[in-house]
Structures are given as C-alpha cells and as structure tokens.
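In: quick check, what structure comes out for this input:
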Amino acid sequence: MNTTRTTRRGFLSLLAAAPAAFVLPRSARADAATVLMIGSSMMGGGFGLYLGQDLEREFGCKIDRRAKASSGLARPDFHDWFKLGAKAREEANPDVVVCMFGGNDGQGIYMGRNADPEWYRYGDPGWVPEYRRRVNAFADAVAPGRERLFWLGMPQVESEKLCSRVAVMNEVYEVEMSLRPNARFVSTWDALTVKGAYSDHVVVDGTRTRVRSGDGVHVTPSGAHLLADYVRPYISEALRTRP
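Out: Residues are numbered from 1 along each chain as shown. As a prediction, the model looks like this:
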C-alpha cells in the first residue's frame, strides 16, 4: 500500500485554507458553549471522542456526544435519528451541532410498511431525492434555529463500490448545507489519503502509521487523531466567534 511522508506539523499546514484555531483564555470560558455531536460508529468511536476532547480542552465547552453503530438516515426502522435528533437538540440546547453519517446509508431507503414504494433501492431514480429530503429533515430537527450546524463528509473508503456511493452522499450534504445560512459542509474526502487516493497507512513524524482499520472504512486511533485535527479548525472558528 502506498505511503506518504507526513509530520504532524506538515499535516496541519495542509489546513491553511481552513479557519485558524484560537485558544481562549480560561477567563473567557465562563459562558461555555455546548457542542452536540451526532452520528454512527465514526462519531461514537475514537474520532468523535478525540474531536470532543480537543474542543473541550480548547474552549472549555460542554460536549454532548450521541452515536449509534450501524445507523444512518436510510433506516429509521433501525434507529430513528429524526426523532432522536430532535430529542437530543431539545435536551442539549446546543450552540453548535456536528454530525457525520454516510457509512451505513449506501443501501436501500426504507419508506415504511404501508408506503408506496416501500423501498427505494440504491440507484433507483427516487433514491437521491429521498435522501436529500432526509438530510434536510434531520438538519431541521437538530438545528432549527440559531445553532451552527457542521455536516462532516465521509472520507474515502477502500471499496470502490462503497466509495462511489459515499461520494454521492457527500455531494448531497455539500449542496444542502450550502443552502442553509447557519450550516457548513466540511469535506474529509482527501484526509488520510496518499496523493488524493485511499491508503491505509501514512507516515507520521517519520513513522509508517496505520490510519485505517481492516474494514477499509473506519479509522485507527492514530487515524482518528489526524481526522479530528483535520476538521477541528472549522468548528473552532465557530466557537471562537459565537456571540
């Protein structure tokens, strides 16, 4: 598998186009923000953990992290994020919402037992419009007002079939978030890659480091740290500049 030589400093320098992070002094943290983090196993695992810890350490904010493995927006019969997302927002009263889905959504969309059709199979003409509707329904549920919403795209995965589906979903997220004044899509497509292509290893601080797990989808602890470093500056800017 290809590798690339990356130092932590060099990796972070790639983020020059992103807003720079800014550490607030402790005296400025009395009115701490609340960050609601929602997603599937990526958010529930090391990536979500490290991102939350980094934001808490940087800003003293409260982190409310809710995740369910194997979940997404395609199968509310398994885990209804539309209802549970609204409940989480009501309970947390967040200033910032961070969500990440997609790894489990490249499948048929279940419409309900008595629906016509009962399913939209992936590739059906109705699949993308229905998924687009669900992305907006979820965004409305978790960020209906003043909340800043950050929708994190999925990084590339090893399977070409799944990767093509992830790309379609990322495009939906990007387009729909661009239409919302308080929302932003954050692409992670090229994170953890070698010259823009999927790789399960990169070289970090001179050491060849595995960053992807054996399934070609999830990330190792090292990959989780690098991915958290990749997206954190965007969220940090929102926390730094919040009213």
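In: what lies in contact with the one helix or strand residue 43 maps to?
Out: For residue 43, the enclosing helix or strand under DSSP states H and E is helix 41-44. Around helix 41-44, the neighbours that count as contacts under Cβ atoms under 8 Å, 6 or more residues apart in numbering are 37, 48, 65, 67-70, 99-100, 103, 154, 218-219. Where C-beta positions appear, they are placed from N, C-alpha and C, glycine not excepted.
In: filter those residues down to the buried ones.
Out: 37, 48, 65, 67-68, 99-100, 103, 154, 218-219 (16 or more other Cβ atoms under 10 Å).
In: can you put those residues in TSV and add secondary structure and distance to residue 239?
Out: As requested, the buried ones among the contacts of helix 41-44 are arranged in TSV below (DSSP: H, G, I helix; E, B strand; the rest coil; distance: Cβ to Cβ, whole Å):
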residue	secondary structure	distance to residue 239
37	strand	13
48	helix	17
65	strand	16
67	strand	21
68	coil	25
99	strand	16
100	strand	18
103	coil	26
154	coil	23
218	coil	27
219	strand	24
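In: on that earlier part again, can I get the CA coordinates of the helix holding residue 43 in PDB?
Out: The C-alpha coordinates for helix 41-44 follow below in PDB (Å, rounded to 0.1, in the frame of the first residue of the first chain):
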ATOM      1  CA  SER A  41     -19.700   4.500  14.700                       C
ATOM      2  CA  MET A  42     -17.200   7.100  13.500                       C
ATOM      3  CA  MET A  43     -18.700   9.600  15.800                       C
ATOM      4  CA  GLY A  44     -19.100   7.000  18.600                       C
END
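In: now do the phi/psi pair for the residue lying farthest from the centre of the chain.
Out: Distance from the C-alpha centroid of the chain peaks at residue 114, with 32.2 Å (Cα atoms, centre = their mean). Backbone geometry at residue 114, expressed as degrees, to the nearest 10, gives phi -100, psi 10.
In: wait, residue 89 touches residue 143, no?
Out: Yes: at 7.3 Å, residue 89 and residue 143 qualify as touching, with contact defined as Cβ atoms under 8 Å.
In: please enumerate the shared neighbours of those two.
Out: Overlap of the contact sets of residue 89 and residue 143 (by Cβ under 8 Å, 6+ apart) consists of residue 97.
In: the more surrounded of these two?
Out: More crowded of residue 89 and residue 143, by other Cβ atoms under 10 Å: residue 143, with 23 against 20.
In: how long is stretch 188-208 end to end?
Out: 21 Å (Cα to Cα, to the nearest Å).
In: chain center to that stretch, what's the gap?
Out: 18 Å (Cα atoms, centre = their mean, to the nearest Å).
In: buried set for it?
Out: Applying 16+ other Cβ under 10 Å to stretch 188-208 flags 188, 191-194, 198-202, 204 as buried.
In: lowest pLDDT pick from the residues you listed?
Out: Least confident entry in those, by pLDDT: residue 204, with 90.
In: and that residue, how far is that from residue 109?
Out: Remark: distance between residue 204 and residue 109 (Cβ to Cβ, to the nearest Å) = 38 Å.
In: save the buried ones among the contacts of helix 41-44 as CSV, and put in distance to residue 137 and pLDDT too.
Out: Shown next, in CSV, are those (distance: Cβ to Cβ, whole Å; pLDDT from 0 to 100):
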residue, distance to residue 137, pLDDT
37, 19, 99
48, 22, 99
65, 22, 99
67, 19, 98
68, 17, 98
99, 13, 99
100, 17, 99
103, 19, 96
154, 19, 98
218, 26, 98
219, 28, 98
